[in-house]
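Peer 1: Quick one, fold the following:
(2 chains)
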Amino acid sequence: MTETAVRKSEERMNLVIVGHVDHGKSTVIGRLLADTGSLPEGKLEQVKAMCERNSRPFEYAFLLDALKNEQSQGITIDTARCFFKTDKRHYIINDAPGHIEFLKNMITGAARAEAALLVIDAEEGIQENSKRHGYMISMLGIKQIAVLVNKMDLVDYSQEVFEKIVREYNDFLGHLGVHPMTFIPVAAREGDNIATISPHMPWYEGHTVLDQVDAFTRPEGSLAKPFRLPVQDIYKFTAQGDDRRIISGTVETGTAKVGDHVIFYPSGKETIIESVERFNAPNSTEVKADEAVGVTMTTEIYIKPGELMCRADELKPKVGRRFRANVFWMGRAPMIPGKQYKLKIGATKVATELASIESVLDASELETNHNKQQLDRHDVGEIILETHRPVAFDNRNDIEPTGRFVIVDDFEIAGAGVILEKVAETDSIFDRQIKQREFAWEAGEVSAAEREQRFNHKGKFIIVTGEPGSGRRNLAKKVEKHLFDQGFNTYYFGITNQFGDLDQHGAAGTIQRDRQIEILGELARIMTDAGLLFITILTDIDEFDLNKLRKLNEPNEVFVVSLGDPALGGAVIDVQLEPSPEIESAVEKVVEGLTSQQVFMDFSI
Amino acid sequence: MDQLDYLEAKSVHILREAYRDFKNLCMLWSIGKDSTVMLWLARKAFFGHVPFPLVHIDTSYKIPAMIEYRDRVAKEWKLNMVYGQNTEALKNKMTFPDGAIDRIACCKALKSEALKHTLSGEWTRWRLNHEKGEYEEDSNKDPYTGVIVGARADEEGSRSKERYFSPRDKQSDWDVDDQPPELWSYYKTDFAPGTHVRIHPLLDWTELNLWEYIQRENVPIIDLYFDKGEGMRYRSLGCLPCTLGVQSTAKNVDEIVEELRSGKFSNVAERSGRAQDAADGNSLETLRRSGYM
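Peer 2: You can find the predicted model right below:
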């Protein structure tokens, strides 16, 4: 750092401006920029000259319409960012489009904001998107809202008109539990009540827009919440001569310090923070909300990116596979049951399905429909989502950042939502599918018992798990050979033949890998039904993966041999060995384990 | 946290997100202050390391000191340094002002085209061999699917519409009318085969923020930005024929910060010294739609 006194960079706040199309958002912004002297030199003149060239009357809105095609359509297509400053601070104002077609852009602009200006045309009154945007703002979690009743000049600056809109709109927002901080009557084109108090509305005694904007505060309170750090990644730059194993991510809420006892969810692994790592920054022993951090742990516990790091002495997050949520759908294709989507929550990504729709809200009219079977574009619905593996989350009302998510459909973010509560997992989609499969299973005329009699053993799915280099592949093949030589029907399934890198370290927990686990389970179901001792290797599977394989392989059983796989935690393991075991005794132990579970009819071996 | 802390944290989050989700990731380093700050932020994000290649498009018309500086820093920070260029256009002198083409066409050939084909791996890439201390042809021809770029929203109109994660189709085209939604800290990190994503960690930074950060972190910045006693300095770096200096006596970072905060440039757009912007009212958008940074 240089020796001269470094002045603090000025505070900046993100605002969003929303409202129905043509209610005058761009004019409000243009006016704010002009009246605060925030336009680059010559910009105003340039736009005025352009208007003159094209024989169009000058509009403040043109200042923002930086793109050619926008000007031709006369509507804001995307969310554009403008900068202005007051004596108090700098602002970024996100100009969100009012047209329904561009709702995803409006969401993008609004999601960046700490406060919102909602514009309503005094003459036209409350329109569909005045309501929809009000709803969206509240769903996105923006608490500071100022409603600007614009074009007051067109209604003769009538107090009556203003108050009628205030009443009606308060009524609407009240239903949503949203309470605007203020309503301001303005005529943006004329500058009334934008930067200076209007002489035309002596009956109005509140702030100008500019004063109101300065009265917004930066949302506080996330520091006092329980500590939540979604693990974005785990770095080890060994090749660069750096042996630190750094768990990194951005702290959503709360604080934690060196020595704190922490728990990772959903795995439940526990350890203690050893150090806080930073580059080119003073040493520190604490991490807190909004910081992008790195920490090391006192023990080399095995966790994966996507887990949620929490403090042991604070409120625990929810862990589960089903939750109730409010979801806003932006996808071109509707959200339907039976289709697999990708859920992004915190730092994790997981396959998800629509379990049921409880109700769909018509945001413009606030009517509820309980009979819809799908979420169409621009629908807001209360739904139950089911994930393909457990995730950690909070109810939105407890901790907002860890209670919100997006849904990806075919490479695109198609839905966004907030979690209302965790729901019971009985009768999950997965369980129902297995039940249906078993119910409809078509068998031949040979029974399992007859097969056992003939083969002298039961069908069994044998999984040898361990890290790459632990000798799992060699052991699995030697077990196959040994069993075969003893006269049993066995088959070693070379997993990479089918799945490529299913076996790779780091693939664990990914959606593709989860899908492969499902295919493997289905395959095992067939092979064990055929009476085989079906052997394969896996790495990096956790208790949840194992239970899934067990369920998929039902009614037959799974037999697990672990070569010290650290991912398995508390799972039931049939034979536990050290990595790289002496091969003959290892094979012997596997056979002993199988024998003790009465896999073989003939006890001669 | 102050303003710079917020900006830094957000950029670091975006860089880590990109590193996690894009297997073939690179960062464009133009040698200018923006992408040099971005490079510094990568070192912040990855604790002193830069775990992806830095790609420089060398138009061969860059101010010579820029190449010198690039290679010095690349060696010092052990960067995985790669450059590409439009050798064909240079050989045929299809450049401005030598050839019979205008500034925009020159920009398109030497920057947009060179960039597009360097990213896709169709044209030769040269990679710095740290042991030999020189560049050699890069054997890796894989297309980059994630490209980190130092664009800022406050630079000019079209950039103010950018996303942090901005998809480009097979022709590197930017569909500005149909961009993905971005909310909370969720970005578009899923992409169809053949497309790629531009990643913009500096979108929320202003020119002043960058200089304040350079000041705070003591980021080593190329000295073309400083007046060396001639009353002239560069405010924005580009090719020699198209980049004009500005009248300024700011000799160091502190003086530049002052100049931007309350001095002569507090209200003058940064790219005012870039001739190609003025050539047509919307040239930069025209260039951006077809892949320009």
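Peer 1: The residue positioned nearest the centre of chain A pairs with what?
Peer 2: In chain A, the C-alpha nearest the mean C-alpha coordinate belongs to A:Ile345, at 2.4 Å (CA atoms, centre = their mean). A:Ile345 forms beta bridges with A:Thr348, A:Phe405, as assigned by DSSP bridges.
Peer 1: That one contacts A:Val391, correct?
Peer 2: Yes: judged on CB atoms under 8 Å, A:Ile345 makes contact with A:Val391 at a distance of 5.8 Å. All C-beta atoms are positioned from the backbone trio N, CA, C, and that covers glycine.
Peer 1: picking that back up, so what's the residue nearest to the centre of chain A up against?
Peer 2: A:Val391, A:Phe393, A:Thr402, A:Arg404, A:Phe405 (CB atoms under 8 Å, 6 or more residues apart in numbering or on different chains).
Peer 1: Tell me which two of the residues you listed sit farthest apart.
Peer 2: Of all pairs drawn from the contacts of A:Ile345, the greatest distance, 12.7 Å, lies between A:Val391 and A:Arg404 (CB to CB).
Peer 1: What's the end-to-end length of stretch A:361-372?
Peer 2: 10 Å (CA to CA, to the nearest Å).
Peer 1: Likewise for stretch A:385-404?
Peer 2: One end of stretch A:385-404 sits 13 Å from the other (CA to CA).
Peer 1: buried sites along that stretch?
Peer 2: Using 16 or more other CB atoms under 10 Å in any protein chain shown as the test for burial, stretch A:385-404 gives A:385-396, A:398-404.
Peer 1: Cross the residues you listed against strands and list the overlap.
Peer 2: Secondary structure assignment by DSSP state E places A:Leu385, A:Glu386, A:Thr387, A:His388, A:Arg389, A:Pro390, A:Val391, A:Ala392, A:Phe393, A:Arg404 of the buried residues of stretch A:385-404 in strands.
Peer 1: domains of chain A?
Peer 2: A:12-215, A:228-311, A:320-425, A:445-596 (automatic domain parsing).
Peer 1: Let me have the ones you listed in TSV, extended by mean pLDDT and distance to B:Arg235.
Peer 2: TSV is the format used below for those (pLDDT from 0 to 100; distance: least, CB to CB, whole Å):
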stretch	mean pLDDT	distance to B:Arg235
domain A:12-215	83	14
domain A:228-311	94	26
domain A:320-425	91	37
domain A:445-596	88	44
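Peer 1: which secondary structure elements does the helix or strand containing A:Leu117 contact?
Peer 2: Using DSSP states H and E, A:Leu117 falls within strand A:115-121. Applying 3 or more CB pairs under 8 Å, 6 or more residues apart in numbering or on different chains; DSSP states H and E, one finds that strand A:115-121 contacts strand A:12-19, helix A:25-35, helix A:128-140, strand A:144-150, helix A:209-215.
Peer 1: Can you list the helices and strands that the third one packs against?
Peer 2: Okay, so that is helix A:128-140. strand A:12-19, helix A:103-111, strand A:115-121, helix A:159-175, strand A:318-329.
Peer 1: hmm, back to that, tell me the spacing between the residue nearest to the centre of chain A and A:Ile165.
Peer 2: Between A:Ile345 and A:Ile165 the computed distance is 38 Å (CB to CB, to the nearest Å).
Peer 1: For A:Val18, give its distance to A:Ile194.
Peer 2: Noted for A:Val18: a distance of 17 Å to A:Ile194, by CB to CB.
Peer 1: More neighbours: the two, which one.
Peer 2: Neighbour totals were compared for A:Val18 and A:Ile194, and A:Val18 leads with 30 against 26 (other CB atoms under 10 Å in any protein chain shown).
Peer 1: On the strand side of things, show who the more buried one bridges to.
Peer 2: Here A:Val18, judged by DSSP bridges, has bridge partners A:Leu118.
Peer 1: That one contacts A:Met106, correct?
Peer 2: Yes: with contacts counted by CB under 8 Å, A:Val18 reaches A:Met106, the gap being 6.2 Å.
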